[in-house]
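S.K.: Build me a model from this:
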Amino acid sequence: MEGQGTLALEIIEQVPDVEAVMVSVGGGGLIGGICQWFYERKSNVQVMGVEPEGKNILESIKAGKRLWTNGSALDTIADGVRVRPIGEKCFEVMRHVSHKKIYSVNNEDIRFAWKLIWERLKLVVEPSSALPLAAIIKYPEDFKHLKCIVLILCGGNVDFVDPSLTQ
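M.R.: Now for the predicted structure:
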């Protein structure tokens, strides 16, 4: 988690006026590390997570305990975030440090954003990387006040054997 948090340093160096960072959430290592890095530096940068429908991270934070992911999140095309439940240490960091803004997106949202990334940006990323863009497309009103948002697009693992990718 701590090593993954160094991505926050790269973001600040490359985009000093960043207001928010959006991260796909699976086991929580990446978002936990980023949250901790910004928190320790008393930064005003908002860290927001995006999960597949049914992942239960926001509900876990509200409940104060890790909740098991239900079946719909395990059926997501975003196989990189198909983890249940979020890691213990990552959960504790997110529970105390994150801005508690977690968005949920479904497979249709993910596919649409993933296709946009491939077609418009010419980037080969795994479906899990499309979650932040999917959230912005699905909930545009939540982001209109922000001028500079960084979307983390990480990972290039694509399971083309998964039949849900071609539906």
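
S.K.: how about low-confidence regions in the chain?
M.R.: Along the chain, the model assigns pLDDT under 70 to residues 69-74, 84, 95-100, 156, 159-167.

S.K.: show me where this structure has helices.
M.R.: Assigned by DSSP state H, the helices in the chain fall at 6-14, 29-40, 57-63, 71-74, 88-97, 107-116, 131-138.

S.K.: What is the third one packed up against?
M.R.: The criterion is 3 or more C-beta pairs under 8 Å, 6 or more residues apart in numbering; DSSP states H and E, and the helices and strands that helix 57-63 contacts are strand 46-52, helix 88-97, strand 101-105. Where C-beta positions appear, they are placed from N, C-alpha and C, glycine not excepted.

S.K.: Over to stretch 106-123 now: how far is its first residue from its last?
M.R.: Separation of the first and last residues of stretch 106-123 by C-alpha to C-alpha, to the nearest Å is 21 Å.

S.K.: now what about that stretch, what contacts it?
M.R.: Counting by C-beta atoms under 8 Å, 6 or more residues apart in numbering, the neighbours of stretch 106-123 from elsewhere in the structure are 52-53, 75-78, 105, 124-125, 127, 129-131, 133-135, 137-138, 153, 164.

S.K.: Apply 6 Å and report the result again.
M.R.: 53, 77-78, 125, 127, 130, 133-134, 137-138 (C-beta atoms under 6 Å, 6 or more residues apart in numbering).

S.K.: on that earlier part again, out of the helices of the chain, flag the one nearest M48.
M.R.: Between M48 and the helices of the chain, the shortest separation by C-beta to C-beta is 7.7 Å, and it involves helix 131-138.

S.K.: any idea of the angle that closest one forms with strand 46-52?
M.R.: Direction vectors for helix 131-138 and strand 46-52, defined by axes from the mean of the first three to the mean of the last three C-alpha atoms, to 10 degrees, enclose an angle of 90 degrees.

S.K.: report the angle between the axes of helix 131-138 and helix 107-116?
M.R.: Using the same axes, to 10 degrees, helix 131-138 lies at 110 degrees relative to helix 107-116.

S.K.: what's the residue most central in space within the chain in contact with, if anything?
M.R.: To find the centre residue of the chain, average its C-alpha atoms and take the closest one (C-alpha atoms, centre = their mean): that gives S24, at 1.6 Å. For S24, the contacting residues are 50, 81, 128, 131, taking C-beta under 6 Å, 6+ apart as the criterion.

S.K.: if we can go back for a sec, tell me which two of the contacts of stretch 106-123 sit farthest apart.
M.R.: Comparing every pair within the contacts of stretch 106-123 by C-beta to C-beta identifies E53 and V125 as the most remote, at 20.0 Å.
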